[in-house]
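[1] structure for the following, please:
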Amino acid sequence: MTLLDAPQFDEAAAQRSRKLSFAALGVFIVVLIVYIVLWTTVFHTFDFRAWPAEHRLNTFLKTVEAGDFNTAFVQWNQDPDWQKHPEKYSAYDFNQFQKDWGPMSDYGKIRSHQILMAKPVGNGTVIGVDINGGKTPLFLRVDDQAKTIGFSPVELYVGP
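    Just a heads-up that it's a prediction; the model follows:
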């Protein structure tokens with residue numbers, strides 16, 4: 001076979017190939033659009049970096065709801081031996097902790113909570129929590145390295 005003996009042009013095969021190429025391009029464009037829409041609306045609203053802090057805070061609040069303030073104080077400070085050195089926590093001691101989280105707190109007995117939002121800020125995560133179905137969220141902060149919980153000086157925008 002020489003160069004001048006080329007096979008006959010197959011119009012049907014060329015048309016199939018062209019249709020297949022356009023179909024693949026169309027599927028790619030549709031998948032790209034769906035991905036972009038999902039990323040900007042669904043995936044982008046979830047910040048998976050905040051999940052460990054949300055889990056830690058959720059565990060703490062369940063402990064408070066159960067009324068186990070000693071364990072809750074351990075979770076707050078991430079120090080199981082806090083009773084051996086209470087002077088370390090003189091700025092926010094166990095008595096003040098019980099006043100803030102116990103049945104005589106501003107929220108009364110804490111029966112329920114819902115994490116509304118979480119956002120990594122600096123070296124921690126700020127988390128907005130609705131306690132007992134309140135009107136305004138309480139903003140707490142979980143330190144990423146120390147794993148301690150505290151009141152946040154930063155408040156996140158809740159929206160209208």
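
[2] how far off centre is the top helix by length along the chain?
    Under DSSP state H, the helix in the chain containing the largest number of residues is helix 11-41. Computed by CA atoms, centre = their mean, to the nearest Å, the chain-centroid distance of helix 11-41 equals 34 Å.

[3] and if you look at stretch 71-88?
    Centre-to-centre, stretch 71-88 and its host chain are 26 Å apart (CA atoms, centre = their mean).

[4] how long is that stretch end to end?
    Stretch 71-88 has its terminal residues 17 Å apart, counting by CA to CA, to the nearest Å.

[5] after the helix or strand hosting residue 117, which helix or strand is next?
    Residue 117 belongs to strand 113-121 when elements are defined using DSSP states H and E. Using DSSP H and E, the helix or strand that follows strand 113-121 in sequence is strand 124-131.

[6] what comes up buried for that following strand?
    Judged by neighbour count (16 or more other CB atoms under 10 Å), strand 124-131 contains these buried residues: 124-131. Placement of C-beta: from N, CA and C, glycine included.

[7] for stretch 69-84, same thing?
    Buried residues in stretch 69-84, counted by 16+ other CB under 10 Å: 69, 72-77, 79, 82.

[8] what's the end-to-end length of it?
    Note: stretch 69-84 ends 17 Å apart using CA to CA.

[9] which residues does it contact?
    Under the criterion CB atoms under 8 Å, 6 or more residues apart in numbering, residues 56, 59-60, 63-64, 88-89, 94, 97-98, 101-102, 146-150 lie in contact with stretch 69-84.

[10] repeat that for 6 Å
    60, 63-64, 94, 97-98, 147-149 (CB atoms under 6 Å, 6 or more residues apart in numbering).

[11] I'd say residue 132 and residue 107 touch.
    Yes: the pair residue 132 / residue 107 is scored as a contact, 5.3 Å apart, by CB atoms under 6 Å.

[12] comparing those two, which residue is more hemmed in?
    residue 107 (18 against 13; other CB atoms under 10 Å).

[13] what residues are bridge-paired with residue 143?
    Per DSSP bridges, the residues bridged to residue 143 are residue 124.

[14] my guess is it meets residue 124, correct?
    Yes: applying CB under 6 Å as the test, residue 143 and residue 124 come out as touching, 4.7 Å apart.

[15] buried stuff in the one helix or strand residue 51 maps to?
    Using DSSP H and E, residue 51 sits within helix 51-65. Buried residues in helix 51-65, counted by 16+ other CB under 10 Å: 53-54, 56-57, 60-61, 63-65.
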